[in-house]
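In: test case, fold it:
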Amino acid sequence: MNSKIPHILTVLFFLTGCAGLNTEQSDPLESFNRSMFAVNQGLDKVILKPTAQVYGVLPQPVKMGVGNVLANLSLPVTFLNQTMQGETASAGNTLVRFSVNSTIGILGIFDVASGLGVRHQREDFGQTLAVYGVGSGPYIFLPILGPGNPRDLIGRAGDAVINPIYWAGNNDDEDDIRLGVTLISGIHAREGALELLEELENTSVDYYTTVKSLYIQNRDSEIKNGATNIDDLPEIDDFDDF
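Out: Numbering: from 1, shown residues only. You can find the predicted model right below:
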């Protein structure tokens, strides 16, 4: 099985912190997107949601430890993207956080860094492309991968290339490692959004439009938080020896 499919069964469920709706987004593929959204809903109801509900009965400390480990594993990707965005201070913060939690925090099980005031940050290659001025393109919803756009799809592939997890191991076990991390990430994220997504589905006049709006607004917020003056960005040649 090809486990390099980036972030399988995730992303769709990282819809947080959205105070309002913004539908100002090109959706020329709406008919296709709605069909794929329906497919995804079916897969969620049959597979992912029941699995997340079973996962939800685990003790809270266990789920917290899983979340901490997953967050820690994402930090190398965040560090590289912060570096590409010229965010040297943030990259240093991420490096410290990864070092502390990987050692004192026992491979990230315990979030020691937050207790020391080193906050968690997240950056991905889609955000990096946006900071460099690459346009998003039209909204796209794909089965398994969920909501996105051409820029973010390229970004997911870029993150897969630079993610140490996707290059772990040197034998047949590496595919199992990658797939395992990806599936656990999806299940953990879905469990954390069980109540939110159920409420959205039950209260939305058009669930597809609500999900699209939340995704667009959340991505816009993430990109603006990492906004950098393009004149201050490092030249691409600076990464030749990275």
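In: helices or strands up against the lowest-mean-pLDDT helix or strand in the chain?
Out: The helix or strand of the chain with the poorest confidence is helix 173-192; it has a mean of 85 (mean pLDDT, DSSP states H and E). Secondary-structure packing of helix 173-192 (3 or more CB pairs under 8 Å, 6 or more residues apart in numbering; DSSP states H and E): helix 49-55, helix 60-73. Every residue, glycine included, has its C-beta placed from N, CA and C.
In: could you pull out the strands for the protein?
Out: All strands of the chain, identified by DSSP state E, fall at 140-142, 146-148.
In: adding mean neighbour count and mean pLDDT, write these out as a markdown table.
Out: Below are the strands of the chain laid out as a markdown table (neighbours: other CB atoms under 10 Å; pLDDT from 0 to 100):
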| stretch | mean neighbour count | mean pLDDT |
| --- | --- | --- |
| strand 140-142 | 21 | 95 |
| strand 146-148 | 24 | 93 |
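In: nearest to residue 165, of the ones you listed?
Out: strand 146-148 (19.7 Å; CB to CB).
In: direction included, what does the closest one pair up with?
Out: strand 140-142 (antiparallel) (DSSP bridges).
In: where does the chain have low pLDDT?
Out: Applying pLDDT under 70 to the chain picks out residues 1-25, 168-174, 226-242.
In: and the helices in the chain?
Out: Using DSSP state H, the helices of the chain run over 30-43, 49-55, 60-73, 75-84, 88-103, 112-115, 125-131, 150-162, 173-192, 194-203, 207-225.
In: quick revisit: any chance of a markdown table for the helices and strands packed on helix 173-192, columns mean neighbour count and distance to residue 166?
Out: Formatted as a markdown table, the helices and strands packed on helix 173-192 follow (neighbours: other CB atoms under 10 Å; distance: least, CB to CB, whole Å):
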| stretch | mean neighbour count | distance to residue 166 |
| --- | --- | --- |
| helix 49-55 | 15 | 23 |
| helix 60-73 | 17 | 11 |
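In: so which of these is nearest residue 95?
Out: Closest approach to residue 95 among the helices and strands packed on helix 173-192 (CB to CB): helix 60-73, 12.3 Å.
In: circling back: mind checking the strands of the chain for the one nearest to residue 49?
Out: The nearest among the strands of the chain, by CB to CB, is strand 146-148 at 14.1 Å.
In: export stretch 70-88 as CSV, just CAs?
Out: Extracted as CSV, the C-alpha positions of stretch 70-88 are listed here (Å, rounded to 0.1, in the frame of the first residue of the first chain):
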residue,chain,number,x,y,z
LEU,A,70,1.7,13.6,16.9
ALA,A,71,2.2,17.3,17.5
ASN,A,72,5.9,16.7,18.2
LEU,A,73,6.3,14.7,15.0
SER,A,74,5.0,17.6,13.0
LEU,A,75,7.6,20.0,14.3
PRO,A,76,10.4,19.3,11.8
VAL,A,77,8.1,20.2,8.9
THR,A,78,7.0,23.4,10.7
PHE,A,79,10.7,24.2,11.3
LEU,A,80,11.6,23.8,7.7
ASN,A,81,8.7,25.9,6.5
GLN,A,82,9.4,28.7,9.0
THR,A,83,12.9,28.7,7.8
MET,A,84,11.8,29.0,4.1
GLN,A,85,9.5,31.8,5.2
GLY,A,86,12.3,33.7,6.8
GLU,A,87,10.7,33.4,10.2
THR,A,88,14.0,32.7,12.0
